[in-house]
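Colleague: Dropping the sequence and predicted coords here.
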Amino acid sequence: MLRVFLNIFLAFFCCNFIFASDSSDPIFFPKAEIVNEHTTRIPFKLIDHLIVVEAELLDKKGDFIIDTGSETLILNKVHFPSNYIKKRKDTETAGILQRIDNPIERHLKELTLKDFSLKNKSSDVIDLSHIEKAKNMKLLGIIGYSILKDYEVFVDLYLNQITLTKIDTQGNKLDKKVYAEKIVDSIDFRLKNHTIIINCTVNDQKLKFALDTAAEFNQINKNSDKEVLKYFIPKKQLNLVGAGNRKIKVMAGKLHRVKLSETIYFGPMLTVLTNLNKMNEAFGTDLDGVLGYEFFAQKRTIINYKKEKLYFINYPYKKQ
Amino acid sequence: MKQLILHSIYLFIALLSFQIIAQNNEMKGYRIEGDEIVFTFNKEDYNEVSHDGFGDRKRFDDLTIENVVVAGQFNNWSKDKWQMKKIDADNYELRKKISDFNDEFSWEFKFVINNEYWAEPTRKDPNIVGAIKDGSYLNVYNLKLLTGAYPDKNGNVRFRLKGHKEAKKVILSGTFNRWNEKTFKMYRIENGWEIILRLKPDEYQYRFIVDGNWMEDPTNPDKVENEFGEYNSHINVKERVTFHLNGYKNAEKVILTGTFNNWDENEYRMEKTEKGWTYSLVLSGGKHHYKFIVDNNWVSDPDNSVKEYDGKGNINSVCMVK
């Protein structure tokens, strides 16, 4: 076995809450709140529209982006350079917003969230300096699907926290008392590779959208049906920088009348008009768009990858 | 972790009573009034105008103003859509709801005279940014609208640096503006330099830049080591929150308790009102669990839908300060 395993702890500060293995190189989430052995809440901050958690790894303090659009755990090469490089990967790692060429793969022997272990998790080491520069932040990496999939993940933009609770192979929560608030609605999604795909309608036209916590803007494909684009009201031009450091100019506006079901619908969402053909190629998908920050800003959303279901909790009516 | 943050101080201050020495603490081109952004154009603030395409700049005095328009990223740089209202001979204004700007993180804009000429900001203006079109610099500046942290003479946090009278320029830079080294220019006061910001409740780190040299705040003992082996000053901006419990009019004693006082069962005795009970206190930014103790019975807040389990399976009400 030629593989040199890299042991990385993803552990929580001062409470033994471990997200990792038995190495001396833990990732700490210093602000995490350990509810019990199955559940933890990690507060996040927003950097522009990115959901970012503070962490410490290998004596470095910085941020990780929570990204359902990313397949793996990505470490930033700027902070975790070549001494852990295992081999060049032949394949391309792809995120919803970006395509990244030739990542260098690391291997995590075991990732443990307290009593649970996620064995043989791979991580990619990629230069993310352009995101650091664009956002003026210290970015240690990106936490993606390979970490998130074994938990039920509550992305709460009201309490600015992400709740991770361990699930079994059927997707049932091991902790029965996770949410004290009422789940008001739910919807099925389909998992295509690591991508959450939800069916919805705009002006009664059926569409497929990816759900991506790290998409700062919703996106809708330029090639969408006219009946759909009628409800995209352009407002201004924006310059976007993707993780691949490619600058693109896009038309931004509001997308109206997005409905997930008869009971779940959205107010106008800031959306950009883009060409999604490349992304569809990369994932073998047939997406009409991407729902990101604006989705979570309107719905407090719980993601269960195993059950392929989203659950929703209401925003409070009364501000305390 | 909160316990580990030593010497956390708070600067929740009612600034209305402060005498602010008349200096320009405002961003150029707009001011924020309540929930409105007021774009402001004063003829005296501009010396030059430019024209699309080639050609020299014109002096402003050579122009007769027929109209002034706000053009920016928010309206795709339209030279005729957002026409301003004439206030007097030199001043124009346009009011917009601040909520229309919250879904974007930076907005660049400029003023257009007679639907044709761009009023050029100068290098001295605090909120300028190099204008870029199709990927190349245009050699002019745009103005930038800041809706996160911003200078406001009625703001909630006052930063002061004593001395340094000989300095030419002092900048406040911090996590509130992602360590921007230009935007928050401090102004001179009698014994030094000052700036007042409007900041949301949260913890922030900051430093002063005195003529290019970075330094911590010498009067703030609360500081954290940074990656350069130096110190950043630290503040915890708090906010006053009033808790209400409706009903329970026959109760004798109602206590407010929560994570903010380590669940003390005596400290915060609520006051009786017409509708029920109330208590007001100053809280740090972030999430706080709380409950009421009504004559020794613990109850959660019936009017707050936001609740969480604690580690023992009890349900607490949750108050989010942000």
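Modeller: Perfect, I can see it now. Numbering: from 1, shown residues only, chains lettered A, B, ... in the order given.
Colleague: Run the chain-centre distance for stretch A:219-233.
Modeller: 25 Å (Cα atoms, centre = their mean, to the nearest Å).
Colleague: Now the terminal residues of it, how far apart.
Modeller: 13 Å (Cα to Cα, to the nearest Å).
Colleague: mind listing what's buried in that stretch?
Modeller: A:Gln219, A:Ile220, A:Asn221, A:Ser224, A:Val228, A:Leu229, A:Tyr231, A:Phe232 (16 or more other Cβ atoms under 10 Å in any protein chain shown). C-beta here means a position set from N, CA and C on the backbone, and glycine is covered the same way.
Colleague: cool, and stretch A:60-68?
Modeller: Neighbour count says stretch A:60-68 has A:Gly62, A:Asp63, A:Phe64, A:Ile65, A:Ile66, A:Asp67, A:Thr68 buried, by 16+ other Cβ under 10 Å.
Colleague: Please look at the fourth one and A:His49 and confirm they touch.
Modeller: No - counting by Cβ atoms under 8 Å, A:Ile65 stays clear of A:His49, with 10.8 Å between them.
Colleague: Among the buried residues of stretch A:219-233, list the two that are farthest apart in space.
Modeller: A:Gln219 and A:Tyr231 (14.8 Å; Cβ to Cβ).
Colleague: What are the phi and psi values at the residue nearest the centre of chain A?
Modeller: For chain A, A:Asp67 is the residue whose C-alpha lies nearest the centre (Cα atoms, centre = their mean; 2.0 Å). Backbone geometry at A:Asp67, expressed as degrees, to the nearest 10, gives phi -140, psi 100.
Colleague: Give me every residue in the stretch 151-300 of chain A lying close to chain B.
Modeller: A:158-161, A:177-182, A:234-239, A:247, A:249, A:270, A:294 (Cβ under 8 Å from any Cβ of the partner chain).
Colleague: give the contact list for A:Val184.
Modeller: A:Phe312, A:Ile313, A:Asn314 (Cβ atoms under 8 Å, 6 or more residues apart in numbering or on different chains).
Colleague: so the last one touches B:Ser305, yeah?
Modeller: Yes - the pair A:Asn314 / B:Ser305 is scored as a contact, 6.7 Å apart, by Cβ under 8 Å.
Colleague: Touching both of those two, which residues are there?
Modeller: A:Glu181, A:Lys182.
Colleague: follow-up on the earlier one: drop anything exposed from the contacts of A:Val184.
Modeller: Buried, going by 16+ other Cβ under 10 Å: A:Phe312, A:Ile313, out of those.
Colleague: List the ones among the contacts of A:Val184 that fall in strands.
Modeller: A:Phe312, A:Ile313 (DSSP state E).
Colleague: picking that back up, what's around the closest residue to the residue nearest to the centre of chain A other than its chain neighbours, how many residues?
Modeller: Spatially, and ignoring its direct neighbours in sequence, A:Asp67 is nearest to A:Ala214 (3.7 Å; Cβ to Cβ, 6 or more residues apart in numbering or on different chains). Each residue near A:Ala214 was counted by other Cβ atoms under 10 Å in any protein chain shown, and the total is 24.
Colleague: Let me know whether A:Ala214 touches A:Leu50 as I believe.
Modeller: Yes - the criterion here is Cβ under 8 Å, and A:Ala214 meets it with A:Leu50 at 6.2 Å.
Colleague: Turn the contacts of A:Val184 into JSON lines, including pLDDT.
Modeller: Listed next are those as JSON lines, based on pLDDT from 0 to 100:
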{"residue": "A:Phe312", "pLDDT": "97"}
{"residue": "A:Ile313", "pLDDT": "96"}
{"residue": "A:Asn314", "pLDDT": "94"}
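Colleague: which one among the contacts of A:Val184 gets closest to chain B?
Modeller: Using Cβ to the nearest Cβ, A:Asn314 comes nearest to chain B of the contacts of A:Val184, at 6.7 Å.
Colleague: What does that closest one show for phi and psi?
Modeller: phi -70, psi 150.
Colleague: check contacts around it.
Modeller: A:Glu181, A:Lys182, A:Val184, A:Arg300, B:Ser305.
Colleague: neighbour-wise, which of these leads?
Modeller: A:Arg300 (23 neighbours).
Colleague: what number of residues lie near the nearest residue to A:Tyr265 once chain neighbours are set aside?
Modeller: Leaving aside its chain neighbours, A:Tyr265 sits nearest to A:Lys259 (4.3 Å; criterion: Cβ to Cβ, 6+ apart). Residues lying near A:Lys259 (other Cβ under 10 Å) number 15.
Colleague: what does the one 3 residues further on give?
Modeller: Burial of A:Glu262, expressed as a neighbour count using other Cβ under 10 Å, amounts to 6.
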